[in-house]
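> here is a sequence with its predicted model. Questions after.
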Amino acid sequence: MTTASINVALAGVADRPALRRVLAEMGAYYDELLGHKRLIAATEALTSPANRAGPFCLMARAGDEPVGIVVLAGFFPARDFTWGLLLREIFVMEAHRGTRAARALMRAAMRFAASGDYSCVEWGTPEENLRARAFFAKLGATPLVRLSYRFEDQALADAAEGRWPVPEEEA
């Protein structure tokens, strides 16, 4: 299979059943807890972008078969007070890996950005994901040196209440 036989388009309501198949495999791959209700909610969110912020889901297909997705989210401000896109996820189903589907998805993401007047596309990958890093290098992408931070679960709840590990008077 070549990229010529892979079609990538913005996922819509009619794509929800196929998108659920991709998300279910992606959830299993990442060992995430995805019940039926969560899959339904995710497909609805990914096929109902609110505005320039999205989210936007581009889905690759080979014929009628889903192949993979790329998920984008708009952010503002990017450089010079323009809109940028965060590539939040790129996932190719196991049966379609090695078919150049990831390249087709990346190209579609860049076309989406260019046609939507977004000034940049940014993304990240864990340092230990050598396969992804090699793929992005083949595309000519160079990594940014940047640290990422996250609060989630109990740490998020604590921060929302102003409960920090180091009290303000000691910081």
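Received, thanks.
> check contacts around the residue positioned nearest the centre of the chain.
The structure's the chain has its C-alpha centroid closest to residue 89; by C-alpha atoms, centre = their mean the separation is 2.2 Å. Applying C-beta atoms under 8 Å, 6 or more residues apart in numbering to residue 89 gives the contacts 26, 69, 70, 71. Heads up, the C-betas are built off the backbone N, CA and C, glycines and all.
> got it, and residue 135?
Residues counted as contacts of residue 135 (C-beta under 8 Å, 6+ apart) are residue 102.
> please redo it, this time with the cut-off set to 6 Å
For residue 135, the contact set (C-beta atoms under 6 Å, 6 or more residues apart in numbering) is empty.
> hey, where'd the strands end up in the chain?
Taking DSSP state E to define them, one finds strands in the chain at 7-10, 56-62, 65-78, 82-92, 121-123.
> most neighbours among the contacts of residue 89, which one?
residue 70 (26 neighbours; other C-beta atoms under 10 Å).
> that one touches residue 111, doesn't it?
No. In this structure, residue 70 is not within contact of residue 111 by C-beta atoms under 6 Å, at 11.1 Å.
> point out where this protein drops to low pLDDT.
1-4, 170-171 (pLDDT under 70).
> which stretches in this structure count as helices?
16-29, 36-46, 101-115, 130-138, 153-160 (DSSP state H).
> and the fourth one with helix 101-115, angle?
Angle between the axes of helix 130-138 and helix 101-115 is 50 degrees (criterion: axes from the mean of the first three to the mean of the last three C-alpha atoms, to 10 degrees).
> what comes up buried for helix 130-138?
135, 136 (16 or more other C-beta atoms under 10 Å).
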